[in-house]
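**Student:** pasting the structure only:
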């Protein structure tokens, strides 16, 4: 298994600003993903973070709003840009060492005022 | 796109009771995963199933990969207060690079 940490754990932000969330894995993982979990809801995949190349975004999510970096096999960042209250959510990073199994970080709780 | 339908949405049980929840899909999955999410935490992998018909246990938890490959079940025996949380089923859609889709979750409450 992989141990995943995220920073910050929570933040309160003003609308119109941007926040960058960091995800660190304690070992090399094949794939990294970013999810959003709105209050009381399930997890929705935002994008697959690809090492050294542009992320692959799911329908409804775009690079301008959620730019992602993955400079190496153990680190990735997600930026939530030009935030609005609708972006208030939990953002989760995950990593996988096999195609089917993913391990999750503790999440970043974001509140946009 | 593919969806996972998880039921029940919530359960309120007495400590010591057994619990059963299930997940169904309109299409075939080659892997089923069951996660638990505690308040304020990320999901933690409980059980992974890789073969149709497979029955796998993890302590008091038992999960089964349905023969049709379109469903999976999770059972918790003799529930205890620390079983409280949200349980999610998940699976990788065919040929989509390892990403997962998740069920809606089952929120479990255990009364001491």
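**Tutor:** Cool, got the structure. Please read these numbers as outputs of a predicted model, since none were measured by experiment.
**Student:** which stretch of helix or strand covers the spatially most central residue of chain A?
**Tutor:** Compute the mean C-alpha point of chain A, and by C-alpha atoms, centre = their mean the closest residue is residue A:34, 3.5 Å away. Using DSSP states H and E, residue A:34 sits in strand A:31-37.
**Student:** Can you list the neighbours in contact with that strand?
**Tutor:** A:23, A:25, A:43-49, A:55, A:66, A:68, A:70, A:76, A:78, A:89-96, A:102, A:104, A:107, B:97-100 (C-beta atoms under 8 Å, 6 or more residues apart in numbering or on different chains). Just so you know, the C-beta spots here come from the backbone N, C-alpha and C atoms, and that holds for glycine as well.
**Student:** Just the buried subset of those residues, please.
**Tutor:** Listed as buried from the contacts of strand A:31-37 are A:23, A:25, A:43-49, A:55, A:66, A:68, A:70, A:76, A:78, A:89-96, A:102, A:104, A:107, B:98-100; burial here means 16 or more other C-beta atoms under 10 Å in any protein chain shown.
**Student:** Show me which residues of chain B sit near chain A.
**Tutor:** Within chain B, the positions near chain A by C-beta under 8 Å from any C-beta of the partner chain are B:30-31, B:33, B:35, B:40-45, B:48, B:50, B:88, B:90, B:92, B:97-105.
**Student:** one more time with 6 Å, if that's ok
**Tutor:** B:31, B:41-43, B:48, B:92, B:98-100, B:102, B:104-105 (C-beta under 6 Å from any C-beta of the partner chain).
**Student:** are any of those residues buried, and which?
**Tutor:** The neighbour-count test (16+ other C-beta under 10 Å) marks B:31, B:42-43, B:48, B:92, B:98-100, B:102, B:104-105 as buried among the residues of chain B next to chain A.
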